[in-house]
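[1] Provide a 3D model corresponding to the input given below.
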Amino acid sequence: MARYRGPSTKIARKFGEPIFGFDKAFERRNYPPGQHGLSKKRKTPSEYSIQLKEKQKAKYTYGMLERQFRNLFEKASRKHGVTGAVMLQLLESRLDNVIFRLGLASTRRAARQMVLHRHITVNGRMLNVPSCLLSPGDKLGVKEKSQELEFIKSTMGKRGKQYPWLDWNASSNEGTFIAYPEREQIPENINEQLIVELYSK
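    Numbering: from 1, shown residues only. Predicted structure coming up:
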């Protein structure tokens, strides 16, 4: 399966919530896509169907492929702590997600592109791997040359919501991944226990 590059609104409508952020098109049509989206009678979903849907929602939210997601889950299961919460902490520590949370990009897709185009540095070194997992204390910034680009200047100038596990120094244009977030601090509407149950079968 290749990475999904189709309409994000279609996927948001499939899950019934704006998983990619605010979406005007979703607000107008927040029912399942397709000709019979509003009127089609749906059977009561099975337990497996509910678990699978939750896993797919998490994959689409963080922009991951199946193998990547499975490997990250297995890594979480080997760590100390509640597997589901640890999995979400690892997802939040991905480089592309941290850039998105810091407000340097409007979406995770845009953040991924910034990394791939070599605009981002981690601990002073250029890094072009969006899936790289950061550790507490890691510092990231925008390359000095890239800071002159108009789309980067505009996002750095209007950062939105602040998160307690991240810090941004406006004078040096440098962000810090302070710590792994607690489960209640992560705003994504994901029931991680369903994913754990699915992979535990």
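[2] what's downstream of the helix ranked longest in the chain, the next helix or strand?
    When the chain is parsed with DSSP state H, its longest helix is helix 47-62. Later in the chain than helix 47-62, the nearest helix or strand by DSSP states H and E is helix 66-78.
[3] mind listing what's buried in stretch 67-86?
    Residues 69, 72, 73, 76, 83, 84, 85, 86 are the ones in stretch 67-86 that count as buried (16 or more other Cβ atoms under 10 Å). Heads up, the C-betas are built off the backbone N, CA and C, glycines and all.
[4] For the fifth one, give me phi and psi.
    Backbone geometry at residue 83, expressed as degrees, to the nearest 10, gives phi -60, psi -50.
[5] Nearest residue to residue 86 in space, please, no chain neighbours.
    Once flanking residues are discounted, residue 86 sits nearest to residue 76: 4.2 Å by Cβ to Cβ, 6 or more residues apart in numbering.
[6] What pLDDT is listed against the one you found?
    Per-residue confidence (pLDDT) for residue 76: 96.
[7] check contacts around it.
    83, 84, 86, 87, 89, 90 (Cβ atoms under 8 Å, 6 or more residues apart in numbering).
[8] nearest to residue 44, of the residues you listed?
    Closest approach to residue 44 among the contacts of residue 76 (Cβ to Cβ): residue 84, at 24.7 Å.
[9] thinking that closest one is in contact with residue 195, fair?
    Yes: using Cβ atoms under 8 Å, residue 84 makes contact with residue 195 at a distance of 6.6 Å.
[10] picking that back up, inside helices: which ones of the contacts of residue 76?
    Per DSSP H, the subset of these in helices is 83, 84, 86, 87, 89, 90.
[11] Looking at those residues, spot the one nearest residue 129.
    residue 90 (14.8 Å).
[12] out of the ones in helices among the contacts of residue 76, which one sits closest to residue 53?
    Looking across the ones in helices among the contacts of residue 76 and measuring by Cβ to Cβ, the closest to residue 53 is residue 84, at 15.8 Å.
[13] residues touching the residue sitting nearest the centre point of the chain, list them.
    Centroid-nearest residue in the chain: residue 62, 3.1 Å away (criterion: Cα atoms, centre = their mean). If a contact means Cβ under 8 Å, 6+ apart, then residue 62 has 91, 94, 97, 108 as its contacts.
[14] Counting neighbours, which of those comes out on top?
    Among the contacts of residue 62, the one with the most neighbours (other Cβ atoms under 10 Å) is residue 94, at 25 neighbours.
[15] So that one is in contact with residue 129, correct?
    No: taking contacts as Cβ under 8 Å, residue 94 lies outside contact range of residue 129: 9.8 Å.
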